[in-house]
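[1] Predicted model, plus sequence, below.
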Amino acid sequence: MGSEFFILMKSEWSLIFIIFALLFLKVWEGIKENTTMLHIANVLLLLNFLLGFVCNSTGELFNGMFHTNGIIALEKNILNLGMLIISLQAFDWLKNHKHMLEFYVLVLSTLLGMFYMISSNNLLMFYLGLELSTIPLAALVNFDLEKLKSSEAAMKMILSSAFASAIMLFGISMLYGTTGTLNFMELPALIDGSELQLLAFIFIFTGFAFKLSAVPFHLWTADVYEGAPVSVTAYLSVISKGAMVFVFITVLHTVFRYHEAMWYNMLFLTITLTIVVGNLFAIRQDNIKRFLAFSSITQVGYILLGLSSGTDLGASSAVYFMIVYVFSNLGAFGVIALVSAHTGKENISDYKGFYANNPLLGWVLALSLFSLAGIPPTAGFFGKMFLVSSGAVKGNYILVIIASLNMVVSLYYYLRVVKAIFIEKNETPIEKLKGSTPLNISLVICMAGVIVTGFASGLLEHIIALIKN
């Protein structure tokens, strides 16, 4: 039993070990320089990622409240990869930051909470993981204490998050009141589709929609993304959103799998609003972090489109897309992080003539945006193709047409940034930037993922096999 306890929770124990190892090194005071601590942190995160491929097992703990299997191990390792890339990209920002260690303690604490959410087999365990992953995020958003905009963003996030969590908890309590259980395996047989259970699902879905930034629960997103440091924005956009997608797959396809009539029309309306509103507001943005905020809102619409099918293909397509999304979005954020750290510039207009002095960085940003837009042969094209195809399984071609037309609309605002980089002139373009070795490694990883993942034909089949098992 003791060995099983550590093996099944190896991902969680690994994060706890990293947190305490970094705290010990800080207290020891044998290492004075931030750069050395950052290298140690990156090595530990790399080992943590590699550990995700070994000793994976299937089983339950805490009377079935915590469980793990092959697909859960893969989902956690996707987040581990994203965390490693973000840590590499934060090197230039954190190397001179006096609160470098606090960043890792907070961010790894949130990741630990996300892991508990993903492995939860009980709504109570899920909620505890949700709170652990949410509260430190507000501190991360306000990490640049001297910036008023950062403090404002943190306040908006914590208030909105508390309200959404309260609504979700109310829904969970109503579901428990009508069924007498919170266990994911027991709930499907006890849900009868009554009005109270429908209201409970609406409240629970509202909580998920807030965390995913789905319209109309997205109003906090752009302000928080703009006010937070770039690396924290990347974390919110990729890791936090990815964790909620993985948990939502479980809730939708396990707890409510027999009651599609309860949620399909709700998803249909949410998908349509999320894709259309995300696109329309992305067109108007000049701040590049706000631009990527509305871009990420639109991407959520496509993910929900895949999940709306209620099939293993839809769930697999969503997991596959999150892998692609990690590479594509973090590729863009890597360049933005470098520019922000060295120049403080964060507007799209600042990138006019960017290619003149930084051709390689210009191509990295352009390829990342091409992938987010779904332009072949980047991985983003295959990711969106699988999502739209799985959404078409229901035969709801109106929704598929809306999604496809909006993909064309999205080309406009993605190519607007590419036009600024390569075509538009600027009398004072951003000077030539030289990123640190860790940041350059992260960009290479992202570009390799954007190019190779789409042609890795066996990856989707592997994910489908894991979900079926």
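    Sure thing, it's come through. Since this is a predicted model, take the numbers as computed values, not measurements.
[2] Might you list the low-confidence residue ranges for the chain?
    The chain contains residues with pLDDT under 70 at 1-2, 30, 457.
[3] Tell me where it has strands.
    Using DSSP state E, the strands of the chain run over residues 59-61, 66-68.
[4] In contact with residue 469, which residues?
    Going by C-beta atoms under 8 Å, 6 or more residues apart in numbering, residue 469 touches 69, 70, 71. (Glycine included, C-beta is placed from N, CA and C.)
[5] my guess is the second one contacts residue 463, does it?
    No. Here residue 70 does not reach residue 463: they are 9.6 Å apart, not a contact under C-beta atoms under 8 Å.
[6] More neighbours: which of those two?
    Using other C-beta atoms under 10 Å, the more surrounded residue of residue 70 and residue 463 is residue 463, with 23 against 16.
[7] I'd like the distance from that one to residue 239, if you could.
    According to C-beta to C-beta, to the nearest Å, residue 463 and residue 239 sit 19 Å apart.
[8] Okay, and which of the contacts of residue 469 map to helices?
    Among these, DSSP state H puts 70, 71 in helices.
[9] Looking at the contacts of residue 469, spot the one nearest residue 374.
    Closest approach to residue 374 among the contacts of residue 469 (C-beta to C-beta): residue 71, at 24.6 Å.
[10] Now do the contacts for the residue lying closest to that closest one once chain neighbours are set aside.
    Spatial nearest neighbour of residue 71, excluding adjacent residues (C-beta to C-beta, 6 or more residues apart in numbering): residue 466 at 4.1 Å. If a contact means C-beta under 8 Å, 6+ apart, then residue 466 has 69, 70, 71, 74 as its contacts.
[11] What is the neighbour count of the last one?
    Translated: residue 74. By other C-beta under 10 Å, the residues close to residue 74 number 19.
[12] Residue 96 too?
    Neighbour count of residue 96, defined by other C-beta under 10 Å: 10.
[13] how near is it to residue 38?
    Between residue 96 and residue 38 the distance is 11 Å, computed by C-beta to C-beta.
[14] for residue 244, same thing?
    Distance from residue 244 to residue 38, by C-beta to C-beta: 28 Å.
[15] go on, residue 291?
    As judged by C-beta to C-beta, residue 291 and residue 38 stand 28 Å apart.
[16] Among those two, which residue is more densely surrounded?
    More crowded of residue 291 and residue 38, by other C-beta under 10 Å: residue 291, with 28 against 24.
[17] How about the more buried one: what's its closest non-neighbour residue?
    Closest residue in space to residue 291, ignoring its immediate chain neighbours: residue 285 at 4.1 Å, by C-beta to C-beta, 6+ apart.
[18] Could you do residue 94 as well?
    Closest to residue 94 by C-beta to C-beta, 6+ apart is residue 100, at 4.6 Å.
[19] who touches residue 321 in this structure?
    Counted by C-beta under 8 Å, 6+ apart, residue 321 has contacts 302, 303, 306, 383, 384, 386, 387.
[20] let's see it at 10 Å
    Contact partners of residue 321, counting by C-beta atoms under 10 Å, 6 or more residues apart in numbering, are 242, 245, 299, 302-303, 306, 328, 379-380, 382-387, 460.
[21] cool, and residue 210?
    Applying C-beta under 10 Å, 6+ apart to residue 210 gives the contacts 160-161, 163-165, 167-168, 217-221, 244.
[22] What about the residues you listed, which one has the most neighbours?
    Using other C-beta under 10 Å as the neighbour test, those are led by residue 221, with 28 neighbours.
[23] Find the residue at the geometric middle of the protein.
    Central residue of the chain (C-alpha atoms, centre = their mean): residue 238, 2.6 Å from the mean position.
[24] does residue 107 really touch residue 86, like I thought?
    Yes. Judged on C-beta atoms under 10 Å, residue 107 makes contact with residue 86 at a distance of 7.9 Å.
[25] Name the residues contacting each of those two.
    Common neighbours of residue 107 and residue 86, counting by C-beta under 10 Å, 6+ apart, are 231, 232, 235, 239.
[26] Include distance to residue 337 and neighbour count when you put those into JSON lines, please.
    Output for the shared contacts of residue 107 and residue 86, formatted as JSON lines (distance: C-beta to C-beta, whole Å; neighbours: other C-beta atoms under 10 Å):
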{"residue": "231", "distance to residue 337": "6", "neighbour count": "27"}
{"residue": "232", "distance to residue 337": "10", "neighbour count": "29"}
{"residue": "235", "distance to residue 337": "11", "neighbour count": "26"}
{"residue": "239", "distance to residue 337": "15", "neighbour count": "26"}
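[27] Among the residues you listed, pick out the one closest to residue 156, please.
    Nearest to residue 156 among these: residue 232, at 14.1 Å, using C-beta to C-beta.
[28] Check the burial of the spatially closest residue to the closest one that is not a sequence neighbour by counting its neighbours.
    Using C-beta to C-beta, 6+ apart and skipping the chain neighbours, the partner closest in space to residue 232 is residue 140 (4.7 Å). If you count neighbours by other C-beta under 10 Å, residue 140 ends up with 23.
[29] same thing with residue 397?
    Neighbour count for residue 397, taken as other C-beta under 10 Å: 11.
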